[in-house]
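[1] Provided below are the primary sequence and the corresponding predicted coordinates.
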Amino acid sequence: MHAKLSLGIGILTLSLAAIPVQAHHGWAGNQDEEFELTGTVQHGVSLAGPHATMKLRAADGKVWDLTLAPPARTQASGLKEGIIPVGATVTIHGHRNRDANRLEVKTERVTWNGRTFDVYPDRK
């Protein structure tokens with residue numbers, strides 16, 4: 001009985017330890033080529049989670065998921081929740097997902113109203 005309990009606790013511990021790794025949004029799943037997209041903000045900046053996010057509607061009506069830098073880094077660039085209104089036109093620059101069916105961009109820069117928010121300044 002004790003062995004089964006120890007095994008169960010060990011499996012649970014390993015499972016929980018893997019959660020942060022799965023939540024991290026690295027660059028390997030994105031194309032190497034630079035990608036730029038202009039559209040209207042469908043859902044403004046959210047600083048919840050391991051990375052800030054936004055949603056952008058392109059001219060063709062498709063809604064793209066934008067993964068920004070971690071919240072502290074995104075805020076340090078000046079990009080905070082509520083600063084860009086829903087419906088505003090923005091241009092983003094980054095790297096789209098390698099899976100062409102996933103409308104997702106790992107976003108390095110967001111430009112709105114003549115202002116550029118460089119959330120990954122080291123990736124120029």
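    Sure thing, it's come through.

[2] only C-alpha atoms for contact and neighbour calcs from this point on.
    Will do.

[3] Am I right that residue 72 sits in a helix?
    Yes. Counting by DSSP: H, G, I helix; E, B strand; the rest coil, residue 72 is found in a helix.

[4] Now for residue 89: which residues touch it?
    Applying CA atoms under 8 Å, 6 or more residues apart in numbering, we find residue 89 in contact with 38-41, 112.

[5] Just the buried subset of those residues, written out for ChimeraX, thanks.
    Buried residues among the contacts of residue 89 (16 or more other CA atoms under 10 Å), as a ChimeraX selection:
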select :38,39,40,41
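
[6] Now render the contacts of residue 89 as a markdown table, adding pLDDT, secondary structure and distance to residue 51.
    Conversion of those to a markdown table gives the following (pLDDT from 0 to 100; DSSP: H, G, I helix; E, B strand; the rest coil; distance: CA to CA, whole Å):
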| residue | pLDDT | secondary structure | distance to residue 51 |
| --- | --- | --- | --- |
| 38 | 98 | strand | 21 |
| 39 | 98 | strand | 21 |
| 40 | 98 | strand | 21 |
| 41 | 98 | strand | 18 |
| 112 | 98 | strand | 20 |
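
[7] Turn the contacts of residue 89 into CSV, columns for distance to residue 72.
    Formatted as CSV, the contacts of residue 89 follow (distance: CA to CA, whole Å):
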residue, distance to residue 72
38, 25
39, 25
40, 24
41, 21
112, 20
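
[8] residue ranges of the strands in this structure, please?
    According to DSSP state E, the chain carries its strands in the segments 35-46, 53-58, 63-67, 89-96, 104-112, 115-118.

[9] Out of those strands, the one nearest residue 27 is which?
    Residue 27 lies closest, by CA to CA, to one member of the strands of the chain: strand 104-112, at 7.5 Å.

[10] Please compute how far the closest one lies from its chain's middle.
    9 Å (CA atoms, centre = their mean, to the nearest Å).

[11] again with stretch 42-50
    In terms of CA atoms, centre = their mean, the centre of stretch 42-50 is found 8 Å from the chain centre.

[12] Please point out which parts of that stretch sit buried.
    For stretch 42-50, by 16+ other CA under 10 Å, it's 42-47, 50.

[13] Having no further points to raise, I will conclude here.
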